[in-house]
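Visitor: Let me see the structure of the following:
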Amino acid sequence: MQGNFDSLDTKDGEFQEIISKDSYVKEWKLGHFQKLIFANKLKEMKEVVVAYALGILSYKNLLLNRVKDPENVPEVRMPIGFLYAKGCIKKWLKENEISVENLPDKPFQASLTKLPNEIVLEIDIDDKERREKEYRALKKALYKLGIDKYLIIFSGSKSLHYHIFIRPDGLTLKELEYLKTSLADFISFFVKIDRQVTHMNLPARMPFTWHPDTGKLSLIVYPSEMAAKLIDLLSAYKFDEIKRFLIFNVPNYIKSLEVFPKVFNKWLEEFRAKQEEKRKTSYARFVKGKLPKLYNSILNEVWADGKKRMICLLFCLAKKIGIKKEQFEKDVKEWIEKQNWRRNSDKTICLGILRCYLRWWDNYNWSWYGFLKKHLLGKDFDEKDKMLKILESLNIKIK
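Guide: Numbers count the residues shown, from 1 in each chain. Prediction:
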């Protein structure tokens, strides 16, 4: 999919007007919110964070009545970490666990898993010249697509996160995912964005929490009216007003930001055509009924090589088949016990790997096919022939 500004009509005067309306985004004042300024107001800030999360959850509950497959809408979760420990997540809070009592008693970083109709685009703002260029390029690309509504959150360090919400009515989660991927592909032609940030599995920075590297507060900076109100209330320490504003206004604010430009209809037609073609000739459907047999065949074998990788393959297969987390844990523990171990430490490492996958159970899905092809049919896997015999007996072909 190629982006082409020339094929999308835009009057430069209109674009300049859009840019001028966003001047607040480029000029917001962060002097009040430098390192740990709210450390002495931690209880109040935790209440603000929970209020924002409750507003997001209220909007998510509205989605359940609007998408085609509400049973597939994932739970919103909040990973928690601490300052100056980037990437160090201490715990994941489920929807029903998001409360003041479950938040740390010291300044913390937090994120929220993305909503099914939400995509996040990130641009860096640490370099002034590059910031202006990328800001204008992203704005123009979005405007050309017909997207002029979004939520912008300052990360607390060197980037802006553009949260775009797609109107989800009557769409499946797979269709929404395709629209988000297509949107990211289009934008990538015109401005450098971090593609990892766009992925559904990667949580997005929460406003009103501290950035782990800088200690600065993450803030909503657009829409300008909302941002100005929140910053004014924070500056005046009017926490009760902020909480009421977030709980009652966030769901409506986000709904008012939903977009569905004409080009989405074209992308949906392409996707549905591909899905129909895939449905007719899908090898995956043929293989799917054989995956439980593959899972059990691996469990029944004693492997001299690749035990760690085998646990990952079992994880991928279990998630695909729909095996429960408890059953997966029981199966793999029994499998580990019957393997031949040269050192007890190797067995301990594999049990540790199993614990990692159990922690990741609700947040990650990987392709069993891709993992098998790359890691267990490669030159460095000593028991490749044994694996190939199992696949051949099940008539599973890895191309």
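Visitor: so how far is stretch 387-399 off the chain centroid?
Guide: Centroid separation for stretch 387-399 versus its chain: 34 Å, with C-alpha atoms, centre = their mean, to the nearest Å.
Visitor: likewise stretch 184-202?
Guide: The answer for stretch 184-202 is 12 Å, by C-alpha atoms, centre = their mean.
Visitor: burial count for the closest residue in space to residue 195 that isn't next to it in sequence?
Guide: Nearest residue to residue 195 in three dimensions, chain neighbours excluded: residue 184, at 6.4 Å (C-beta to C-beta, 6 or more residues apart in numbering). C-beta here means a position set from N, CA and C on the backbone, and glycine is covered the same way. Residue neighbour count, defined by other C-beta atoms under 10 Å, stands at 18 for residue 184.
Visitor: was I right about residue 145 contacting residue 186?
Guide: Yes: between residue 145 and residue 186 a contact is recorded at 6.8 Å, counting by C-beta atoms under 8 Å.
Visitor: what about the strands in the stretch 101-250 of the chain?
Guide: Here the stretch 101-250 of the chain has its strands, by DSSP state E, counting those that start in this stretch, at 108-112, 118-124, 151-154, 159-165, 204-205, 219-222.
Visitor: State the distance from residue 263 to residue 100.
Guide: To residue 100, residue 263 is 43 Å away according to C-beta to C-beta, to the nearest Å.
Visitor: One more: residue 136?
Guide: Applying C-beta to C-beta to residue 136 and residue 100 gives a distance of 41 Å.
Visitor: Over to residue 200?
Guide: Using C-beta to C-beta, residue 200 is found at 28 Å from residue 100.
Visitor: Who has more neighbours out of the two?
Guide: Neighbours per residue, other C-beta under 10 Å: of residue 200 and residue 100, the larger number sits with residue 200, 19 against 14.
Visitor: Neighbours of residue 390, how many?
Guide: 16.
Visitor: thought it was touching residue 297?
Guide: Yes: with contact defined as C-beta under 8 Å, residue 390 reaches residue 297; the gap is 4.9 Å.
Visitor: Now name the helix or strand holding residue 42.
Guide: Residue 42 belongs to helix 42-63 when assigned by DSSP states H and E.
Visitor: could you give me the average pLDDT of that helix?
Guide: The predicted model gives helix 42-63 an average pLDDT of 94.
Visitor: Contacts only, for the closest residue to residue 332 other than its chain neighbours.
Guide: Using C-beta to C-beta, 6+ apart and skipping residues adjacent in sequence, the residue nearest residue 332 is residue 354, 5.3 Å away. Contact partners of residue 354, counting by C-beta atoms under 8 Å, 6 or more residues apart in numbering, are 311, 329, 332, 333, 336.
Visitor: Most neighbours out of those residues, which is it?
Guide: Most neighbours among those, by other C-beta under 10 Å: residue 332, with 22 neighbours.
Visitor: And the strand or helix carrying that one, what's buried?
Guide: Secondary-structure assignment from DSSP H and E places residue 332 in helix 325-338. Residues of helix 325-338 classed as buried: 328, 329, 331, 332, 335, 336 (neighbour count, 16 or more other C-beta atoms under 10 Å).
Visitor: mean confidence for it?
Guide: If you average the pLDDT over helix 325-338, you get 93.
Visitor: Now tell me what touches that helix from outside.
Guide: By C-beta under 8 Å, 6+ apart, the surrounding residues in contact with helix 325-338 are 298-299, 302, 307, 311, 314-315, 318, 323, 347, 350-351, 354, 358, 361.
Visitor: ok, so what distance separates residue 167 from residue 259?
Guide: Distance, residue 167 to residue 259, using C-beta to C-beta: 7 Å.
Visitor: same thing with residue 179?
Guide: Look at residue 179 and residue 259: by C-beta to C-beta, they are 10 Å apart.
Visitor: So which of the two has more stuff around it?
Guide: Legend: neighbour count by other C-beta under 10 Å for residue 179 and residue 259, higher for residue 179 (21 against 18).
Visitor: pretty sure the more buried one is in contact with residue 166, am I right?
Guide: Yes: the criterion here is C-beta under 8 Å, and residue 179 meets it with residue 166 at 5.7 Å.
Visitor: Now residue 381: which helix or strand?
Guide: Assigned by DSSP H and E, residue 381 falls outside every helix and strand.
Visitor: who touches it in this structure?
Guide: Shown in contact with residue 381 (C-beta under 8 Å, 6+ apart): 305, 306, 309, 375, 387.
Visitor: Now compare those and name the two farthest from each other.
Guide: The distance between the two most remote of these (C-beta to C-beta) is 11.6 Å, for 305 and 375.
Visitor: Can you report how many residues lie near the closest residue to residue 204 other than its chain neighbours?
Guide: Nearest residue to residue 204, sequence neighbours excluded (C-beta to C-beta, 6+ apart): residue 120, at 4.8 Å. When neighbours are defined as other C-beta under 10 Å, residue 120 has 24 of them.
Visitor: which residues of this structure score low on pLDDT?
Guide: Along the chain, the parts satisfying pLDDT under 70 run over 1-39, 85-87, 128, 279-288, 378-379.
Visitor: Specify the residue positioned farthest from the middle of it.
Guide: The C-alpha centroid of the chain is most remote from residue 342, which lies 39.7 Å away (C-alpha atoms, centre = their mean).
Visitor: What's the separation between that one and residue 304?
Guide: Applying C-beta to C-beta, the value for residue 342 to residue 304 is 10 Å.
Visitor: Could you spell out which stretches of the protein belong to which domain?
Guide: What the record gives for the chain is the domain set 5-266, 283-393, from automatic domain parsing.
Visitor: need the ones you listed in TSV with distance to residue 275, can you?
Guide: Compiled in TSV, the domains of the chain are given as follows (distance: least, C-beta to C-beta, whole Å):
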stretch	distance to residue 275
domain 5-266	8
domain 283-393	12
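Visitor: Determine which stretch of these is the most buried.
Guide: Across the domains of the chain, the average number of neighbours (mean count of other C-beta atoms under 10 Å) peaks for domain 5-266, which reaches a mean of 17.
Visitor: Off-centre distance for that one?
Guide: The chain centroid and the centroid of domain 5-266 are separated by 12 Å under C-alpha atoms, centre = their mean.
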